[in-house]
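> model the structure of this input:
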Amino acid sequence: MAQYVLQYSATIPPGTLETSPAVIDLPLDNWEIEQIDLEVPPGPGGLMGFYVANNGVQWIPATPGAWLVWDDVQASWPFTDQPNASGWAIVGYNTGVYDHAVTVRFHVNPTSAGAATVSAPTVTFVSSDTPTADPVTL
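You can find the predicted model right below:
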């Protein structure tokens with residue numbers, strides 16, 4: 001089970017043509033992805049289509065040129081040996097007159113590259129000619 005869920009809302013503006021789709025970047029760095037959830041609430045009525053891309057390559061659905069045309073649908077894709085971290089985007093069109101959104105949830109774990117590292121503090125010793133009243137013994 002993933003340690004974190006990162007959620008994004010990708011809004012596709014009205015009047016966005018299929019021939020010139022909107023690209024909504026999903027910033028995601030230093031995570032190992034276990035699963036992606038996609039959700040479209042009720043409303044688009046067949047006027048919005050989208051796909052998930054990674055670094056400019058269509059990923060879901062896998063067929064190039066295919067669109068997910070959803071209305072009140074949610075689905076999940078488990079990941080095994082697939083791309084992690086950056087480069088994710090929602091690419092979509094919306095021929096309607098209202099904004100429509102795709103909710104994207106990444107179920108993730110930190111990678112070794114993204115794990116926080118704790119380093120020892122830097123200590124600087126400064127000498128002084130000022131005498132001390134009582135020497136300190138450690």
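> where in the protein is pLDDT low?
85, 113-138 (pLDDT under 70).
> and the residue nearest to residue 65 when sequence neighbours are not counted, how far from residue 96?
Sequence neighbours aside, residue 58 is the residue nearest to residue 65 in space, at 7.8 Å (criterion: Cβ to Cβ, 6 or more residues apart in numbering). Quick note: C-beta positions are derived from backbone N, CA and C, even for glycine. Counting by Cβ to Cβ, to the nearest Å, the separation of residue 58 from residue 96 is 22 Å.
> and the residue nearest to residue 65, what is it in contact with?
By Cβ atoms under 8 Å, 6 or more residues apart in numbering, the contact set of residue 58 is 51, 52, 64, 65, 66, 91.
> which among the residues you listed gets closest to residue 80?
When the contacts of residue 58 are compared for distance to residue 80, the smallest value, 16.3 Å, is given by residue 52; criterion: Cβ to Cβ.
> just checking, residue 53 touches residue 61?
No: here residue 53 lies out of contact with residue 61, judged by Cβ atoms under 8 Å, at a distance of 11.1 Å.
> between those two, who's got more neighbours?
Set side by side, residue 53 and residue 61 show unequal neighbour counts under other Cβ atoms under 10 Å, the larger going to residue 53 at 20 against 12.
> list the buried residues of the host helix or strand of the more buried one.
When elements are assigned from DSSP states H and E, residue 53 belongs to strand 48-54. Using 16 or more other Cβ atoms under 10 Å as the test for burial, strand 48-54 gives 48, 49, 50, 51, 52, 53, 54.
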